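> return atomic coordinates for the entry below.
(2 chains)
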Protein chains: 2
Amino acid sequence: MQLAIQANDVRAAADRIRPLARHTPVLRSADFDAESRTRVFFKCENLQVGGAFKIRGAANLILSLPEADLARGVVAYSSGNHAQATAIAASHVGAQATIVMPEDAPRSKTEATRAHGARIVAYDRFRDSREQIASQIQKETGATLVPPFDHPMIMAGQGTAALELLAETGPLDALVTPVGGGGLLSGCATIGKDLDPALRVFGVEPEDANDTFLSLQAGERVAVNPDTIADGLRSPMPGALTFPILRQMVERIVLVTDGQIRATVKFLLLRLKILVEPSGAAAAAAVLFRMLPPEIGSVGVILSGGNIDFEDLARY
Amino acid sequence: MQLAIQANDVRAAADRIRPLARHTPVLRSADFDAESRTRVFFKCENLQVGGAFKIRGAANLILSLPEADLARGVVAYSSGNHAQATAIAASHVGAQATIVMPEDAPRSKTEATRAHGARIVAYDRFRDSREQIASQIQKETGATLVPPFDHPMIMAGQGTAALELLAETGPLDALVTPVGGGGLLSGCATIGKDLDPALRVFGVEPEDANDTFLSLQAGERVAVNPDTIADGLRSPMPGALTFPILRQMVERIVLVTDGQIRATVKFLLLRLKILVEPSGAAAAAAVLFRMLPPEIGSVGVILSGGNIDFEDLARY
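Numbers count the residues shown, from 1 in each chain, chains lettered A, B, ... in the order given. Take a look at the predicted model:
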């Protein structure tokens, strides 16, 4: 079967998104290396524009749209980082973004999205279907949908995080990313395996949002009802386009607990001096708690985002 | 009068400390730029080895010592970042470090220093003189003193932060650093003015630790009794070697309140996703609260450190 993206799609994305996405730094930590017993290279997407890797995919899709499409705007549904990323990328090219957000979304996220000129359409999480609302908006306005993960341009865009990381570090034994719908992991695996077929690729999910773990076990996409503090990893099922790539390229999904994620957020804050949200710290948690094969001597870890409220943080 | 260091001392320091100090990233923030109404380039010394710029000076001094001196060890007095930096640099060259620390120093700092193989000598802040204790240790062991700021090798080492920053950004209108004893500011001013004589250099002190502000006003070194949350800026008086450089090169000392520092720590954490300690955020506070001349269109800010306890942070 033909996979949805190839490594050259990721390379093309890297060129396309350069005006908009930041080349984020790669950090090291002697403390983290000692505790995890491996050499770790952190790709700091929490320091990315919009506070998460999501701008990579959204920019890649939106910057590839023809003028005529941009004039009709874009639409996305998300309560989190993808909403803000879509708003930022749309505003960069002067396109109107409409974001379908739950009416009980944190005000900080709604405001951040609105600040970039997006129109917010609120919906009731318990009664309405956000996909249907988005589809209705598409019909009425002719806007282009910017899906959160299951689109070749989104997947290729997210892969640029691994491309930048590996270009900077050179060959590593392993690459680890968190997994929600699989956009980040599929893009990173595609470019990582192309650069070095011996690279071992792992995804990390919270124990109670283990849809990709179960899907890989079953050999087909399985849905779960996620329950985790890692709000960015609560997608119920891997994507139709991401899943075949994960099946082919990912060695294993590692499961971590919310407690391990919390401890890792704290470690990254106090030792590395960076703020990483729970979803963003999941991959690091798997490494910190030594859940990768012990022979892995060097590992790239994507810290995927840093958007967390101060009140939540203070509670840790 | 001959100044204690020249720009080439900073350049030599950059070569010397390369094996030990990290080339820290320079971060930007659209939010901070909008709020401060200028373009800001943050030199992230909170992401430095040991969590602060202090490794630059300590490494520069210690790596320049002859073998025979190293064999007799080094001694430093500090309750904070300079202690850890001295311990790290000494351990790198296999020299014994003795650190004179107050017996009520935060346990996290004592342990971090001990973890790098340093010997801790505790003293009573209200009864003992740490300088006398250090001097006694020097006499007994022949150890070399690594002073916190008032030494040409320390000052030149700290200046490498500005050298790296300006090499990366190109010419800026202004450079701003926090001021304790003036080691960082004197080193940064020396290299900054050499690279571009038009560069405007500012120091920032807490209102209640304004010894350098008063000293520049008086034209001579004045002591105060500091009272501020910015524990790294509590030195009572500028140094004999740092002060002449500050007099010649610094346009003005900007004073900030502890409240402004706290707000800036929070802004840097939630918007830039980085943890900066109060001392480290002082320079950024002056920019965020628009206390520089309004015609300054681009400014380099040294975020000097990130060592803060989680409990202190949660209290903000």
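
> the strands in chain A, which residues?
Remark: strands assigned in chain A by DSSP state E are A:26-27, A:39-44, A:74-77, A:97-102, A:119-123, A:144-145, A:174-178, A:200-206, A:252-256, A:298-303.

> put together a markdown table for those, with distance to chain B, mean pLDDT and mean neighbour count on each row.
Placement of C-beta: from N, CA and C, glycine included. Output for the strands of chain A, formatted as a markdown table (distance: least, CB to the nearest CB, whole Å; pLDDT from 0 to 100; neighbours: other CB atoms under 10 Å in any protein chain shown):
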| stretch | distance to chain B | mean pLDDT | mean neighbour count |
| --- | --- | --- | --- |
| strand A:26-27 | 6 | 97 | 20 |
| strand A:39-44 | 8 | 98 | 23 |
| strand A:74-77 | 20 | 96 | 28 |
| strand A:97-102 | 17 | 94 | 24 |
| strand A:119-123 | 19 | 94 | 16 |
| strand A:144-145 | 25 | 97 | 17 |
| strand A:174-178 | 16 | 98 | 28 |
| strand A:200-206 | 20 | 98 | 26 |
| strand A:252-256 | 21 | 98 | 20 |
| strand A:298-303 | 9 | 98 | 26 |
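
> out of those, which comes closest to residue B:91?
When the strands of chain A are compared by CB to CB, strand A:39-44 sits nearest residue B:91, at 19.2 Å.

> tell me what angle that closest one forms with strand A:298-303.
Computed by axes from the mean of the first three to the mean of the last three CA atoms, to 10 degrees, the angle separating strand A:39-44 from strand A:298-303 equals 20 degrees.

> can you redo the strands of chain A as TSV with distance to residue A:289?
Compiled in TSV, these are given as follows (distance: least, CB to CB, whole Å):
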stretch	distance to residue A:289
strand A:26-27	19
strand A:39-44	13
strand A:74-77	33
strand A:97-102	32
strand A:119-123	37
strand A:144-145	38
strand A:174-178	12
strand A:200-206	10
strand A:252-256	7
strand A:298-303	13
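
> between these, which gets nearest to residue A:218?
So among those, strand A:252-256 is nearest, using CB to CB, at 12.3 Å.

> can you give the contact residues for the closest one?
A:176, A:179, A:202-207, A:210, A:212-213, A:216, A:282, A:285-286, A:289, A:291-292 (CB atoms under 8 Å, 6 or more residues apart in numbering or on different chains).

> ok, residue A:119 touching residue A:98?
Yes - applying CB atoms under 8 Å, one finds residue A:119 in contact with residue A:98, separated by 4.7 Å.

> C-alpha coordinates for stretch A:266-273, CSV please?
What follows is stretch A:266-273, C-alpha atoms only, in CSV (Å, rounded to 0.1, in the frame of the first residue of the first chain):
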residue,chain,number,x,y,z
LYS,A,266,8.6,18.9,37.2
PHE,A,267,12.0,17.5,36.3
LEU,A,268,12.1,19.4,33.0
LEU,A,269,11.0,22.6,34.8
LEU,A,270,13.4,22.4,37.7
ARG,A,271,16.5,20.8,36.1
LEU,A,272,16.2,21.9,32.4
LYS,A,273,14.5,25.2,33.3
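
> number of nearby residues for the residue in the stretch 151-300 of chain A positioned nearest to chain B?
Residue of the stretch 151-300 of chain A nearest chain B, by CB to the nearest CB: residue A:273 (3.6 Å). By other CB atoms under 10 Å in any protein chain shown, the residues close to residue A:273 number 28.

> give me the pLDDT value at residue A:236.
pLDDT, residue A:236: 92.

> likewise for residue A:134?
94.

> can you check the one 4 residues further on too?
The score at residue A:138 is 95. That number is its pLDDT.

> having no further points to raise, I will conclude here.
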